[in-house]
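In: predicted model and sequence below, questions to follow.
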Amino acid sequence: MSNIIAIVGRPNVGKSTLFNRLTESRKAIVDDFSGVTRDRHYGKAEWTDKEFTVIDTGGYVANSEDLFEAAIREQVVIAIEEASVIIFMVDVTTGITDLDDDIANLLRKSKKPVFVVVNKVDNTALETESSVFYSFGLGEIYTISSMTGSGTGDLLDEVVKHFEDIQEEENTLPKITIVGRPNVGKSSLINALIGKDRNIVTPIAGTTRDSIHIHYNQYGHEFMFIDTAGLRKKTKVKENIEFYSVMRTIKALEDSDVVMLMLDAEEGLESQDINIFHLAEKNKKGVVILVNKWDLIEKNDKTMKAFEEQIKQKLQPFTDVPILFISVLNKQRIFKAIETALEVQKNRSKKIPTSKLNDVLLPIIEAYPPPATKGKYIKIKYITQINGVAPMFAFFCNLPQYIKEPYKRFIENKLRENFDFSGVPIQIYFRQK
Ligand code: GDP
Ligand code: GDP
C-alpha cells in the first residue's frame, strides 16, 4: 500500500514552494553529502506520524507553450490514476484561468479525493477573495500560504485522513522489485529469471492494476517479484514518460521489501538513480545495486573495485550496500543477484537479542563514550532493538539531547561491523532512561 500525494496545477501557482515546505524537514543530511545536483520532484514527508510521498507534477513539464497545456492535462489524468490524494493548487492573486477550469473538469470526473488548495493567501483580506474557487464544484477549499506555511497544517490534517494504514505484514513472501532508468535491462532480467516457463509464473489476481506480482519459486528460492517494467503505458506527450515511470516506480518501491536498483555499466550512477536510492532508504527498504551490461566494459583486475568505490562515493553516507556486476545477456551472476536480495531481506528482518546487543556494544561505548557537552557526561545504559519491519534500535541514556550526529554515525558503523545489516537502512534513537 502506498500513500502518494500529487500536487497538480498550472505553472507559478506555488506547487514547488509547497512541495519544498512539505519535504523540507526530511530533506535530511544525506542530501548535503551526495554532492550531486538532484532534481527533486518527489520526496518523503510526514505529518502527525503518518508518512507519505509527495510529487510535484510541474517539474516534468517542458517549456514550450503549446506542449505544456497538453502535458499538464495528461499529468492530471496520470495523477488521478496513480496517486492516493490530489492537491489541486490555484493562485488567489490571479483568480480562475482557463487552464484551471480545464484541470477542474478532469478532476470532477475522478473518484480520488481532491483538495482544492488556494495558495498565496498571505493575509486575511485575500481570504475573502478565495471564495470564487468554490465555483469549481469540487467541494471545500483550503486557503494556505506556501510561503509562510499558514493553513498547511489544517490542510494536512484533512489529507492524512484519506491515507490507507500501511500494514506491517509478517511471515509473507519477500517482495522484490527491480527499478532503474529505461533500457538498463530490467525486463531482460525478469525474462531471464522466469523465462517462458509458465509453471513458475503466477500473476496474482487483483494485484494487476497497480503492478504485476509474479510468484517465483525455483531452485529453492521463493519470493514475489513486483514487475513495473512490463507495464509501460503509452503517453501522448513524450515528456510525461518520465513522470509516469516515476509514479510507477514509487508505488512499486513502497510495496516492496527489497529494491534492486539496476544501472547500465556504461552510464553509471546518475542523479535520478540517487533519488530512487534515497527514496528506498527513507522508506526503510532493502537495497541491492546491480550494475548491468558488464559485458560491454573493457576491464582489468582493478576495474570492478574502482567502479564500486565510485558508486559508494555517491551513496554516502549509506554505503553498506551490496553492489553486483552482472550481465543479463551472458546470464552472469543473475542468480547471485536474487540470492543477495533475499539475504538483504533476511538482514532487514533480523532481530538481535538484547543481551547480545549489550554484550557487544556496551564495551565499545565504554571505550569510546559520547563526548561530554557543556561539562555534562552522557551515559548510555542499555540498548534494545525495537520491533518493526526494518531494524530500529533504542539507546537508553541520561541526556539523549546531547548526542550529536557524528556519534550516532559511529554507533551505526559499530552495529554494521558486528552484525550483518548489508543493504539495510538502520534507525537509531537515543531515549531518556
Ligand atoms: P510552481 O510553478 O507552481 O511550482 O510555482 P512556484 O512554487 O515556483 O512559485 C511561483 C512563484 O510564486 C514564486 O515566485 C514563489 O515565490 C511564489 N509563491 C509561492 N507560494 C507563495 C505564497 O504563498 N505567497 C506568495 N505571495 N507567493 C508565493
Ligand atoms: P528495461 O527498459 O530496463 O526493461 O531494459 P530492457 O530489458 O528492455 O533492455 C534494454 C536493452 O538492453 C535491450 O536491447 C537488451 O537486449 C539490452 N541488454 C539487457 N541486458 C544486457 C546486458 O547484460 N548486456 C548487453 N550488452 N545488453 C543488455
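Out: The structure has been received and is ready for your questions. Numbering: from 1, shown residues only. Ligands and ions are numbered 1, 2, ... in the order given.
In: write out the residues of the chain neighbouring ligand 1.
Out: Taking CB under 6 Å from any ligand atom as the contact definition, the chain meets ligand 1 at 9, 11-17, 58, 119-120, 122, 145-147. Every C-beta, even on glycine, is put in place using the N, C-alpha and C of the backbone.
In: can we see that at 8 Å?
Out: Contacts of the chain with ligand 1, taken as CB under 8 Å from any ligand atom, map to 9-20, 56, 58-59, 89, 91, 93, 119-122, 144-148.
In: narrow these to those in strands?
Out: With strands taken from DSSP state E, the overlap with these comprises 56, 89, 91, 119.
In: widest-spaced pair of the residues you listed?
Out: Maximum pairwise distance in these, criterion CB to CB, is 15.3 Å, between Asp56 and Asp91.
In: what's the next secondary structure element after the helix or strand bottoming out on mean pLDDT in the chain?
Out: In the chain, no helix or strand scores lower on mean pLDDT, DSSP states H and E than helix 30-34, which sits at a mean of 37. Remark: after helix 30-34, the chain's next helix or strand is strand 42-47, criterion DSSP states H and E.
In: so what secondary structure elements neighbour that next one?
Out: helix 15-24, strand 50-56, helix 152-159, helix 271-282 (3 or more CB pairs under 8 Å, 6 or more residues apart in numbering; DSSP states H and E).
In: which residues does the spatially most central residue of the chain contact?
Out: Geometric centre of the chain, nearest residue: Leu279, 2.7 Å, by CA atoms, centre = their mean. With contact taken as CB atoms under 8 Å, 6 or more residues apart in numbering, Leu279 is in contact with 42-44, 53, 250, 253.
In: specify which member of those residues is nearest to Val328.
Out: Distance to Val328 across the contacts of Leu279 (CB to CB) is lowest for Leu253, with 20.9 Å.
In: am I right that Gly139 is in contact with Val117?
Out: No: with contact taken as CB atoms under 8 Å, Gly139 and Val117 are classed as non-touching, separated by 11.9 Å.
In: which one of those two has more residues nearby?
Out: Val117 (27 against 10; other CB atoms under 10 Å).
In: how about the closest residue to ligand 1 within the stretch 151-300 of the chain, what does it touch?
Out: Nearest to ligand 1 in the stretch 151-300 of the chain, going by CB to the nearest ligand atom, is Gly151, at a distance of 9.1 Å. For Gly151, the residues meeting the contact criterion (CB under 8 Å, 6+ apart) are 121, 142-145.
In: can you pick the most crowded of the residues you listed?
Out: Neighbours here are counted as other CB under 10 Å. On that basis the top member of those is Ile144, with 27 neighbours.
In: could you find the closest non-adjacent residue to Val360?
Out: Leaving out its chain neighbours, the residue that sits closest to Val360 by CB to CB, 6 or more residues apart in numbering is Asn418, at 5.0 Å.
In: repeat that for Ile86.
Out: Taking CB to CB, 6+ apart as the measure, Ile86 lies nearest to Val114, with 4.9 Å between them; neighbours along the chain are not counted.
In: which bits of the stretch 301-433 of the chain sit near ligand 2?
Out: Contact residues (CB under 8 Å from any ligand atom) of the stretch 301-433 of the chain with ligand 2: 326-330, 332.
In: from the centre of this structure, point out the most distant residue.
Out: Most distant residue from the mean C-alpha position of the chain: Gly375, 40.4 Å away (CA atoms, centre = their mean).
In: A helix includes Leu261, no?
Out: No: judged by DSSP: H, G, I helix; E, B strand; the rest coil, Leu261 forms no part of a helix; its state is strand.
In: ok, it - contacts?
Out: 179-180, 273, 276-277, 280, 287-290.
In: 10 Å instead, please
Out: The contact partners of Leu261, by CB atoms under 10 Å, 6 or more residues apart in numbering, come to 177-181, 184, 253, 269, 273-274, 276-277, 280, 287-291, 321, 323.
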